[in-house]
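Trainee: model the following, please.
(4 chains, ligands or ions: 4)
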Amino acid sequence: MSDRLVQIYRQMVAIRLFEERVNDLYTRALMPGLAHLYIGEEAVAVGVCSALRRDDYITSTHRGHGHCLAKGAAPDLMFAELLGKKAGYCKGKGGSMHIADPETGNLGANAIVGGSAALATGAAFSSKYLGQDRVVVCFFGEGALGQGVLYESMNLAQLWKLPVIYLCENNLYNEYTHFAETTAGEIAARPAAFGIESASVDGQDVRAVHDTIAPLVARARRGDGPAFVVAATYRFRGHHVGDVSRDYYRTKQEEQRWMSDRDPIAILAAHLVASGVADRASLDGIHAELTHQMDEAMQWAIDAPYPSVEEVTEDVYA
Amino acid sequence: MSDRLVQIYRQMVAIRLFEERVNDLYTRALMPGLAHLYIGEEAVAVGVCSALRRDDYITSTHRGHGHCLAKGAAPDLMFAELLGKKAGYCKGKGGSMHIADPETGNLGANAIVGGSAALATGAAFSSKYLGQDRVVVCFFGEGALGQGVLYESMNLAQLWKLPVIYLCENNLYNEYTHFAETTAGEIAARPAAFGIESASVDGQDVRAVHDTIAPLVARARRGDGPAFVVAATYRFRGHHVGDVSRDYYRTKQEEQRWMSDRDPIAILAAHLVASGVADRASLDGIHAELTHQMDEAMQWAIDAPYPSVEEVTEDVYA
Amino acid sequence: MAEHAARKATAEPAEHAERRNYSANSAVSAVAFPREITFGEAVKEAIAEEMRRDPHVVLFGEDVAEAGTAFKVLTGLVQEFGPTRVIDTPISEAGFTGLGVGAAMTGLRPIVDIMFGDFLTLVMDQLANQAAKIHYMSGGKWRVPLVVRATLGATRRSAAQHSQSLHAWPSHIPGLKVVVPSTPYDAKGLMKAAIRDDNPVVVFEDKMQYRLKGPVPGEDYVIPLGVADVKRAGRDITIVATSSMVQVALGAATLLEAIGVDAEVVDPRTTWPLDERTIVESVKKTSRAIVMDEGYGRYGVGAELAAVIAEGAFYNLDAPVTRLGAMHVPIPFSPPLEDATVPTEQTVVETARRLCNK
Amino acid sequence: MAEHAARKATAEPAEHAERRNYSANSAVSAVAFPREITFGEAVKEAIAEEMRRDPHVVLFGEDVAEAGTAFKVLTGLVQEFGPTRVIDTPISEAGFTGLGVGAAMTGLRPIVDIMFGDFLTLVMDQLANQAAKIHYMSGGKWRVPLVVRATLGATRRSAAQHSQSLHAWPSHIPGLKVVVPSTPYDAKGLMKAAIRDDNPVVVFEDKMQYRLKGPVPGEDYVIPLGVADVKRAGRDITIVATSSMVQVALGAATLLEAIGVDAEVVDPRTTWPLDERTIVESVKKTSRAIVMDEGYGRYGVGAELAAVIAEGAFYNLDAPVTRLGAMHVPIPFSPPLEDATVPTEQTVVETARRLCNK
Ligand SMILES: Cc1ncc(C[n+]2csc(CCOP(=O)(O)OP(=O)(O)O)c2C)c(N)n1
Ligand SMILES: Cc1ncc(C[n+]2csc(CCOP(=O)(O)OP(=O)(O)O)c2C)c(N)n1
Ligand SMILES: [Mg+2]
Ligand SMILES: [Mg+2]
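Mentor: Numbering: from 1, shown residues only, chains lettered A, B, ... in the order given. Ligands and ions are numbered 1, 2, ... in the order given. Take a look at the predicted model:
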């Protein structure tokens, strides 16, 4: 258990360090386009994936780096993809919003909000049809509650008792609009309307996330059907790396409160120390070690070559 | 009150007689294409529209003749449209599934299941924006619960407190499939998930329908927002006029039970007689009178001319 | 582009199919394949044979099981393969199409049934943004062996929302393949190819042709996607026709023969991949071309075929390529109006006469 | 059709816009309208002026109010017109587009904002089956004065689901009008025409051109839909270009001048209605044509323009019409790959040389 918690800690720190470097790459104009950072939400992806098997599936979103890393993606190949390099997970064709990796059961990040709801449900259909006991976790932000296909998918999943878990990351904002302006009623009532088991959890407490999701994963694996989890969280940075002046949609105080009181990494660190599982020094050691690894991974990606232009016409058809 | 009930009775009988003639037109090969009869469901449309003003709006469905007549459409112009005649409501361009009539607030029948959910919500938006106190009723079958746009629309209606009532006619079947095979959870829980006021009613009892909808219409008119009503009903005939052998999806006994015990016209007739509002003779008189009117309306439509071919290119753009 | 048209079909599908039947399948010798079945039966045979071959093939859509689809084309499949492989869905086109995409990525070969092609409007995100792009976006790591069945064609008196031929939309999107069979023989062979293909394939069936009869071999055969078929050889003019328009073109060719015009009828069979070579070679030979497609010609299949010919056979054309397609109006309900929107044998004959100065 | 291409733009919008700027607006004399504003400002001005003129004009979409859209194009509107007329919506494209259709039927003139044109995949039912057909299906009784704003264009490093140019889809559907402005001047005049139009109009803005500057008169003006604009007069070859490709065509025309090729650049400005006459007349004069559109040429805008020219100017063409469009692949993320998918000044120059044998 304690080892697992340290491992979980490592993963959260790894995601944090990865994303900080993504931001650097942007500000240093080394990264093409934009990226949506997961900083502040690490406990959700790590807590959820810590309850999954490597052969379980996930679908991810435009804010997907954390999901992919938590499911086992390699940072160097991730950096390479974000830079559009040939060595990247998608040969540079997908970029930040489309990391996909069959090896780790990653069906792919999706740049269409709600775009993976039906896909995830279909993967769950396969798992059941093929008599596998794989579970699928469909990550999405609360903004995806606006997409009708989510309700069509939940209805199908419940009717056919499919092993899929809809994981709603409520970080309070759809881009620059507060979710209260876009969401009528109670979020948890929506899956309930389809008879789907649902739960809410503090998305900043990785242990709570794990403990909430684990039994639902086991339940789905048993064949008892889908579930829905709302994780209350917050993105510490902008909607994307270019969203720097945010005063018009949220206050500095609000951001400060979350960062000082609700940082998922700090929260777990405090627990590890308090419970004597680790001391500050060992945690600092983890940071130093991972910092070194991430810097190397990033540099490797920076030095990696672009795909050759001929590749543009490859992979259109299988 | 009693006069209104007799008026309501007349409307239900009129719809029944209209639809029986539509079926004749089909079997006599006088009507192009197919039509979806409302026979058995008359109490829903009539009960609902009896609580509306002429300038209130409705949106209708592929099974829309009853809605249109109940909102005030003229049978002769309806027949003409069903036969593709120039004198029809849509100059013959729409046919059975697209009757529309600004005069009676009919925004149009829609052949896309769920296709009017967002449109109706938009009409409610106009009513509120323009400071009118018009209410919109969006009729749809329970099959439309499968369409995601319905949930997107309900969310918008509740967020913006729009005067729209979603009227779900649960006649137990989506075409040839029982709704239990297509609908997870409780229907009423779906609007509730968006915080929308909802009610269920016996769709065969026109007085119950009226009494359920009237306060919700008043509430919407006051500006207190949308509502959702599920009316339990049954189509006595096939999904469309060509659906004659139905044994593979529902039993003759089931049909018989509904027709003998739950005929909305017989139920109101019994009440009118029992309460002394009318006697059998006067009701028979109504039948005779309306039969004559419907026969004349139908014959007029049969004799009416088709549009001239040049009209095919008119009305594409306003 | 020419937009006038007279009667293509009667309101009654059965009779209609009979009428088309007589000029059907001139391409395949009736001697070679004595057995005649309908277009609908051919589609069902293809699906049934592939479901027997491969347990990963599943079918779902609205009323596909007991009802055998709204057009009663797949009756009997649920009895043979059971409700775990032939599945009735809610009326959730986007949801179950997307479900098909996810299932296709993870080991199955789903066939998704979209009752009317008009409802593709509801699944374009699942088709164009998801199915079509997943293989490419993932750098070739994920595959989407999905078949989407849909219908096209007017003159059924179903009005504007149930009569469209929208195959131009998916044809516009790289990553998708699009099949438009015109005979029972092609319908079967192309459907089998679509099911075995590792890419998302949209198959459009003309709902007015389900009762069209034609010779179909009993033994297993597959027609590769991207190979056009010369349905009738001729010297004077090339008529490139798709789906529902092929039988009309063949009927017109017979009428043209009478007035000494020898028309070649080329059926691309798939709009993507598109067999440009066969089409262009034919026009290089005849030096005149009509393209016929029941969709709107504007920004449609007719436009693509005309552009391909005008560029590829530029130095051989003796007259402008003429497009015949649905009139550019929403399909009206009223029979005399609806009939005016679809090209007919007469339209083709008049156009061909003009192009050949006969 | 030609599918090779080199660099169209840098990854950085601002600089990119500067670069395009220098060859901008050759059509309108800078003397006549001394004032220069950006494409984005022109769009905002058009909307603001129409909202002042007509209280029935309302605007809604995702992040359109305080955020002024994701591209920050409409900043300030909510301050002037308030949250009852400039409304942030949930991420429900189908829902709020359909809501716009219903509102348009009942007395308003809604402008619906679709952040990325790629998301039109989600609203095609509301657009093609509802908005486009309601006037016709109702026999002319209901009208849908709706404007849908969407974006098009690649090279923004946004990958396959945020880089498409899908204007061919609505252009294919009768009942819709489609606007593709290429300059600040056109963007303003066409947007005002779209808002005043009693039909559903889809306006596509090139997201890479928002910072493009050009002369725009302060006074009220409207550019009728369906009138092409000759952006540059020339004798030797006609380049029909739309939206983002117009500036590329003008840049190429300047380069061609150096090698003695005098190119005429025709901008249809709307794909429907389509000003065939101006296009065909130009080609009749020059006898050579290139059509450029950033969408996929296959079954796309390029196909329609090529077909129209090949038919209308058949007896005047000295060479086949050549289509230049997006390479027929999902748009890749990697810069060197993405840049290869879009036509550039160099592509045009090479193509023009070939066609003119220079
Ligand atoms: C269908 C669709 N509409 C709009 C967008 C543009 N968009 C990208 S992210 C985003 C906000 C998503 O909010 P949420 O789902 O809460 O995820 P978060 O960014 O908060 O993690 C929007 C509107 C999109 N990508 N897809
Ligand atoms: C989006 C869409 N999908 C499928 C259809 C085909 N269809 C027409 S009616 C119908 C069943 C509708 O059932 P329900 O909504 O319960 O209405 P009912 O016919 O029972 O009155 C179907 C599937 C359609 N018209 N639109
Ligand atoms: Mg969010
Ligand atoms: Mg029903």
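
Trainee: what about the residue in chain C that chain D sits nearest to, which helix or strand?
Mentor: Proximity of chain C to chain D (C-beta to the nearest C-beta) peaks at residue C:310, 3.4 Å away. Quick note: C-beta positions are derived from backbone N, CA and C, even for glycine. Assessed by DSSP states H and E, residue C:310 sits inside helix C:301-312.

Trainee: okay, the angle between that helix and helix D:301-312?
Mentor: Put simply, helix C:301-312 runs at 60 degrees to helix D:301-312, going by axes from the mean of the first three to the mean of the last three C-alpha atoms, to 10 degrees.

Trainee: chain center to helix C:301-312, what's the gap?
Mentor: Put simply, helix C:301-312 sits 18 Å off its chain's centre (C-alpha atoms, centre = their mean, to the nearest Å).

Trainee: please see if the next helix or strand after it touches chain B.
Mentor: Where DSSP H and E defines the elements, the next helix or strand beyond helix C:301-312 is strand C:322-326. No: using C-beta under 8 Å from any C-beta of the partner chain, strand C:322-326 stays clear of chain B, with a minimum separation of 11.2 Å.

Trainee: ok, now which ones touch the closest residue to the residue of chain C closest to chain D other than its chain neighbours?
Mentor: Nearest non-adjacent residue to residue C:310, counting by C-beta to C-beta, 6 or more residues apart in numbering or on different chains: residue D:310, 3.4 Å away. By C-beta atoms under 8 Å, 6 or more residues apart in numbering or on different chains, residue D:310 lies in contact with C:306-307, C:310-311, C:320-321, D:317, D:320-321.

Trainee: how much space separates residue D:310 from residue D:291?
Mentor: 10 Å (C-beta to C-beta, to the nearest Å).

Trainee: between those two, what contacts are shared?
Mentor: With C-beta under 8 Å, 6+ apart, residue D:310 and residue D:291 have common neighbours residue D:321.

Trainee: confidence score at the residue nearest to residue C:310?
Mentor: Residue D:310 is assigned 98 on the pLDDT scale.

Trainee: is chain D contacted by the longest strand along chain C?
Mentor: When chain C is parsed with DSSP state E, its longest strand is strand C:289-296. Yes: legend: contact between strand C:289-296 and chain D by C-beta under 8 Å from any C-beta is shown at C:295-296.

Trainee: show me what the strand or helix carrying residue C:188 is packed against.
Mentor: Residue C:188 is located in helix C:184-196, with elements delineated by DSSP H and E. With contacts defined as 3 or more C-beta pairs under 8 Å, 6 or more residues apart in numbering or on different chains; DSSP states H and E, the packing partners of helix C:184-196 are strand C:36-38, helix C:39-53, strand C:147-152, strand C:177-179, strand C:201-206, strand C:213-215.

Trainee: do a quick rundown of the helices in chain A.
Mentor: Secondary structure of chain A by DSSP state H: the helices cover A:2-27, A:42-49, A:65-70, A:75-82, A:117-129, A:148-159, A:189-193, A:206-222, A:252-261, A:264-274, A:280-303.

Trainee: got the phi/psi numbers for the closest residue to residue C:311 other than its chain neighbours?
Mentor: What sits nearest to residue C:311 in space, not counting adjacent residues and going by C-beta to C-beta, 6+ apart, is residue D:320, at 4.3 Å. With angles defined as degrees, to the nearest 10, residue D:320 sits at phi -60, psi 150.

Trainee: what's near enough to touch residue D:320?
Mentor: Neighbouring residues of residue D:320 by C-beta under 8 Å, 6+ apart: C:310-312, C:314, D:310.

Trainee: spatially, which two of these are the most separated?
Mentor: Spatially, the most separated pair among the contacts of residue D:320 is C:312 and D:310, at 11.0 Å (C-beta to C-beta).

Trainee: dump stretch C:229-240 to CSV, restricted to CA.
Mentor: Extracted C-alpha coordinates of stretch C:229-240, given in CSV (Å, rounded to 0.1, in the frame of the first residue of the first chain):
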residue,chain,number,x,y,z
ASP,C,229,-17.6,-1.4,-64.2
VAL,C,230,-18.5,-0.8,-67.8
LYS,C,231,-22.2,-1.7,-67.7
ARG,C,232,-22.6,-1.3,-71.4
ALA,C,233,-20.0,-0.8,-74.1
GLY,C,234,-20.5,1.9,-76.7
ARG,C,235,-18.6,4.1,-79.1
ASP,C,236,-20.4,7.5,-79.4
ILE,C,237,-20.9,8.8,-75.9
THR,C,238,-20.0,7.9,-72.3
ILE,C,239,-22.7,8.0,-69.6
VAL,C,240,-21.0,7.9,-66.2
